[in-house]
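**Q** This is a predicted model, with the sequence first.
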Amino acid sequence: MTHGAFRVPQPINEPVKSYAPRSAEKLSLKARLKAMAAESVDVPLVIGGREVRTGKTAPIAIPHNHRRSLGTFHQAGAAEVAQAIDAAEKARPAWAAMPWEERAAVFLRAAEKLATTHRDVLNAATMLGQSKTAHQAEIDSACELVDFWRFNPYFVQRVYEEQPISTCGAWNRLEHRPLDGFVFAVTPFNFTSIGGNLPTAPAMLGNTVVWKPASTSVYSNWFIFKLLEECGLPPGVVNFVPGSGSTVGDPVIASEHLGGVHFTGSTSVFQGIWSSVGKNIARYHQYPRLVGETGGKDFVLAHVSCDVAALCTALVRGAFEYQGQKCSAASRAYVPKSLWKSVRDGLGDMLSQVRMGDVADFRNFVGAVIDERSFTKLSDAIAAARKSTDAEVILGGECDRSVGWFVQPTVIEAKNPRYDTMCTELFGPVLTIHVYDDKRYAETLELCNTTSEYALTGAVFANDRAAIRLATDALRFAAGNFYVNDKPTGAIVGQQPFGGSRASGTNDKAGSILNLMRWISPRAIKETLVPARDWRYPFLDEE
């Protein structure tokens, strides 16, 4: 046992590489892309440190070239889920008892390896398996995940430093215990960094985890898991269990040992989890912690005083980077009538220069949407807008499934401010704009506030300070991350803690100390240094 008030290295955000022409990083990443595209992987489950191959496999598709496969992954059944729960429970005592600095060291080491030797591998995996451009992969699977693994140990240290006051004669201490049960981490396809963060944030505080990655991101998530193993993560601390949502989720939620759920995904799935936990509440050994980030119908609201060029740039980047498949993507906008022609022309000019195609061609700004189901949902919504009298497709709208799941960046003008695509989350490259009368700015703020069930991100564009103040107040509960003169995407760990409320989730702010505090169950300890030896109190004497 070592003794000392240890401090982790002061975290800094990982710099984003540019991948400029002829740069060393571009040449290196292109070589890695070529090599990995030629390989075929066979991804197993990992339970208690043991690789498990069930024989029930699914292909690992390339969204922008769906005729090709990167390999296969094995899917868990009820028996494997039970084994994963058992492995997490068996690993829990030793992992919880390990000194916090030893746990932190695993993830700090993983951060440095990812920033250096493993950067190309995880970026290439994200590009191939999730159709991200080099830039979008870089800011996600490299920089943001490095940031999570640097900042979260620092937040853990701050959690442990939180202690109560002690008075004369007593020593008060707060033990920040892990939860009394395992954590179920359910991760999405759209951010590799979320795949790395959701299982590891609870683990840093001594919890053990059953991790179900999204089937459409198993490829990159597998490389995350192997990196953690390489950095010394003990067997059973995180158990890697791909499979269908209900096949894995139902027995996990039914387990009496469930201590918490760390979730990012659809609103309906999270609501289903919450409902199932409620129905099972009497069987658990503790009340499970439920932490979820679900989705958004994120807005950009422009005031007549705004910078039109800045607004158009934010709309193109905010709505169409990574094909609009970000929970924070701008998907509805409100533009004053006097600016509409300039905005429409500006968007048209920018989008005419945007290229779509294979992300291995670095000239492409847009790749493919994740799978056929997404493609169908988006193409149907665009087709419906073409037929509607309440909306008009004014830019883009072409869909091509012949090679990959390609949906062209699309702009719809909604004459009805509550038209379907102003309200419904599509999760794709579709931006719907409502044009409002310049004099109805205050009313439009209220319209924006009440149109969607979500409250994740939003932005206001204005140079008039009074207009910014009015929007900040009127939209106080419409977004958990609110931006002034910037696109509503791109939250950075340690800078803009991320999360929303209403139907967007529990707002537990990934990328901050607030999220880490959800994975502890504190115990207050009072030690009386000289205990009382007389049962009587002074008030008992009459005189």
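**A** Good, I have the coordinates.
**Q** The residue nearest the centre of the chain is in what secondary structure piece?
**A** Nearest to the mean C-alpha position of the chain, by CA atoms, centre = their mean, lies I194 at 4.4 Å. Counting by DSSP states H and E, the element that carries I194 is helix 192-204.
**Q** Could I get the buried residue list for stretch 71-88?
**A** Neighbour counts over stretch 71-88 (16 or more other CB atoms under 10 Å) mark 72-77, 80-81, 83-88 as buried. C-betas here are computed from N, CA, C, even on glycine.
**Q** what residues are up against A467?
**A** H303, S305, Y441, V460 (CB atoms under 8 Å, 6 or more residues apart in numbering).
**Q** Likewise for Y483?
**A** Y483 touches T457, G458, A459, V460, counting by CB under 8 Å, 6+ apart.
**Q** neighbour-wise, which of those leads?
**A** Within these, T457 tops the neighbour count with 32 neighbours, counted by other CB atoms under 10 Å.
**Q** coming back round to it: I'd like to know which of the contacts of A467 are part of strands.
**A** Judged by DSSP state E, strands contain the following of these: V460.
**Q** Tabulate the buried residues of stretch 71-88 in a markdown table, adding columns for distance to T313, pLDDT and secondary structure.
**A** What follows is these, written out as a markdown table (distance: CB to CB, whole Å; pLDDT from 0 to 100; DSSP: H, G, I helix; E, B strand; the rest coil):
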| residue | distance to T313 | pLDDT | secondary structure |
| --- | --- | --- | --- |
| T72 | 41 | 98 | strand |
| F73 | 39 | 98 | strand |
| H74 | 44 | 98 | strand |
| Q75 | 42 | 98 | coil |
| A76 | 44 | 98 | coil |
| G77 | 49 | 98 | coil |
| E80 | 48 | 98 | helix |
| V81 | 46 | 98 | helix |
| Q83 | 51 | 98 | helix |
| A84 | 46 | 98 | helix |
| I85 | 48 | 98 | helix |
| D86 | 52 | 98 | helix |
| A87 | 49 | 98 | helix |
| A88 | 46 | 98 | helix |
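**Q** can you redo those residues as a markdown table with distance to E293?
**A** Converted to a markdown table, those look like this (distance: CB to CB, whole Å):
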| residue | distance to E293 |
| --- | --- |
| T72 | 29 |
| F73 | 24 |
| H74 | 28 |
| Q75 | 25 |
| A76 | 24 |
| G77 | 28 |
| E80 | 27 |
| V81 | 23 |
| Q83 | 28 |
| A84 | 23 |
| I85 | 24 |
| D86 | 29 |
| A87 | 27 |
| A88 | 23 |
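**Q** List just the nearest of those residues to A37.
**A** Nearest to A37, judged by CB to CB, of the buried residues of stretch 71-88 is T72 at 15.7 Å.
**Q** how about the nearest residue to that closest one, chain neighbours excluded?
**A** T57 (4.2 Å; CB to CB, 6 or more residues apart in numbering).
**Q** where does the residue lying closest to V186 once chain neighbours are set aside land in three-state SS?
**A** Counting by CB to CB, 6+ apart, F263 is the residue found nearest to V186 once chain neighbours are left out, at 4.6 Å. Following DSSP: H, G, I helix; E, B strand; the rest coil, we place F263 in the strand state.
**Q** Pretty sure F263 sits against R289.
**A** No: contact criterion CB atoms under 8 Å: F263 and R289 do not qualify, at 10.9 Å.
**Q** which ones are touching the residue nearest to the centre of the chain?
**A** By CB under 8 Å, 6+ apart, the residues touching I194 are T187, P188, T264, A510.
**Q** I'd like these laid out as CSV, including secondary structure.
**A** Formatted as CSV, these follow (three-state DSSP):
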residue, secondary structure
T187, coil
P188, coil
T264, strand
A510, strand
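**Q** Among the residues you listed, name the buried ones.
**A** Of the contacts of I194, these count as buried by 16+ other CB under 10 Å: T187, P188, T264, A510.
**Q** one step back: C-alpha coordinates for the helix holding I194, CSV please?
**A** Listed next in CSV are the C-alpha coordinates belonging to helix 192-204 (Å, rounded to 0.1, in the frame of the first residue of the first chain):
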residue,chain,number,x,y,z
THR,A,192,-17.1,6.5,-30.8
SER,A,193,-16.1,8.7,-27.8
ILE,A,194,-19.5,8.0,-26.2
GLY,A,195,-18.8,4.3,-26.7
GLY,A,196,-15.6,4.8,-24.7
ASN,A,197,-17.0,7.1,-22.1
LEU,A,198,-20.2,5.5,-20.9
PRO,A,199,-18.6,2.2,-19.6
THR,A,200,-15.5,3.9,-18.3
ALA,A,201,-16.8,6.9,-16.4
PRO,A,202,-18.6,4.6,-13.8
ALA,A,203,-15.6,2.2,-13.8
MET,A,204,-13.2,4.9,-12.7
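**Q** would you list every one of the strands in the stretch 201-350 of the chain?
**A** In the stretch 201-350 of the chain, the strands defined using DSSP state E, counting those that start in this stretch lie at 209-212, 238-240, 258-264, 289-293, 298-302, 330-336.
**Q** Of all those strands, which one comes closest to E14?
**A** strand 258-264 (20.9 Å).
**Q** Which neighbouring elements make contact with the closest one?
**A** strand 182-186, helix 192-204, helix 267-279, strand 289-293 (3 or more CB pairs under 8 Å, 6 or more residues apart in numbering; DSSP states H and E).
**Q** Neighbouring strands of it in the sheet, and parallel or not?
**A** strand 182-186 (parallel), strand 289-293 (parallel) (DSSP bridges).
**Q** Helix 267-279 and that strand, what's the angle between them?
**A** 170 degrees (axes from the mean of the first three to the mean of the last three CA atoms, to 10 degrees).
**Q** Let's test this: mean pLDDT of strand 258-264, rounded?
**A** Averaged over strand 258-264, pLDDT sits at 98.
**Q** Centre of the chain to it, how far?
**A** Relative to the chain's own centre, strand 258-264 is displaced by 14 Å; criterion: CA atoms, centre = their mean, to the nearest Å.
**Q** of the strands of the stretch 201-350 of the chain, which approaches G500 most closely?
**A** Of all those, it is strand 289-293 that lies closest to G500, at 7.3 Å by CB to CB.
**Q** Return the distance of that closest one from the chain's centre.
**A** Distance of strand 289-293 from its chain centroid, counting by CA atoms, centre = their mean, is 12 Å.
**Q** ok, now stretch 87-97?
**A** With CA atoms, centre = their mean, you get 26 Å for stretch 87-97.
**Q** likewise stretch 336-346?
**A** 33 Å.
**Q** and S331, how far is that from V300?
**A** The spacing between S331 and V300, counted by CB to CB, to the nearest Å, is 9 Å.
**Q** Of F263 and R289, give the one with the bigger neighbour count.
**A** F263 (25 against 21).
**Q** can you redo the strands of the stretch 201-350 of the chain as CSV with distance to V16?
**A** Shown next, in CSV, are the strands of the stretch 201-350 of the chain (distance: least, CB to CB, whole Å):
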stretch, distance to V16
strand 209-212, 27
strand 238-240, 27
strand 258-264, 22
strand 289-293, 23
strand 298-302, 22
strand 330-336, 21
